[in-house]
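[1] here are the coordinates; sequence isn't available:
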């Protein structure tokens with residue numbers, strides 16, 4: 001086993017654990033059918049500043065880590081495919 005396989009494996013494990021933790025920390029969206037019928041959003045102060053909340057930051061970090069995970073998997077696959 002080469003050193004870069006170990007590095008990519010460890011990086012993928014760390015990123016996947018971080019993604020799992022961030023997803024579990026996020027608040028669930030339980031509007032359900034009643035939110036779709038009534039219309040779940042109102043023009044409030046919270047709605048206007050939604051991008052600055054903890055949930056928005058967690059969602060943004062989750063998206064960035066998902067992109068990092070995808071790039072790591074793609075790079076590992078390319079390196080391993082070229083190396084063989």
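    Structure's in. What do you need? Quick caveat: nothing in here was measured; it's all calculated off a predicted structure. Residues are numbered from 1 along each chain as shown.
[2] Show me what counts as buried in the helix or strand containing residue 62.
    When elements are defined using DSSP states H and E, residue 62 is found to belong to helix 54-83. In terms of neighbour count (16 or more other C-beta atoms under 10 Å), helix 54-83 has its buried residues at 58, 59, 62, 65, 69, 72, 76. For every residue, glycine as well, the C-beta is placed using N, CA and C.
[3] do you know how far the third one is from residue 19?
    So that's residue 62. For residue 62, the distance to residue 19 equals 6 Å [C-beta to C-beta, to the nearest Å].
[4] before we move on, back to that, I'd like the mean pLDDT over the helix holding residue 62, please.
    Confidence over helix 54-83, taken as the mean pLDDT, stands at 92.
[5] Summarise which helices and strands it is packed against.
    Packing contacts for helix 54-83, counted by 3 or more C-beta pairs under 8 Å, 6 or more residues apart in numbering; DSSP states H and E, involve helix 3-25.
[6] The helix it packs on: how far from the chain's middle?
    Once both centres are worked out by C-alpha atoms, centre = their mean, to the nearest Å, helix 3-25 turns out to sit 12 Å from its chain's centre.
[7] now it against helix 54-83, angle please.
    Between the axis of helix 3-25 and that of helix 54-83 there is an angle of 160 degrees, by axes from the mean of the first three to the mean of the last three C-alpha atoms, to 10 degrees.
[8] which non-adjacent residue is nearest the most centrally placed residue in the chain?
    Averaging the C-alpha coordinates of the chain gives a centre point, and the residue nearest to it by C-alpha atoms, centre = their mean is residue 62 (2.4 Å). Spatial nearest neighbour of residue 62, excluding adjacent residues (C-beta to C-beta, 6 or more residues apart in numbering): residue 22 at 4.6 Å.
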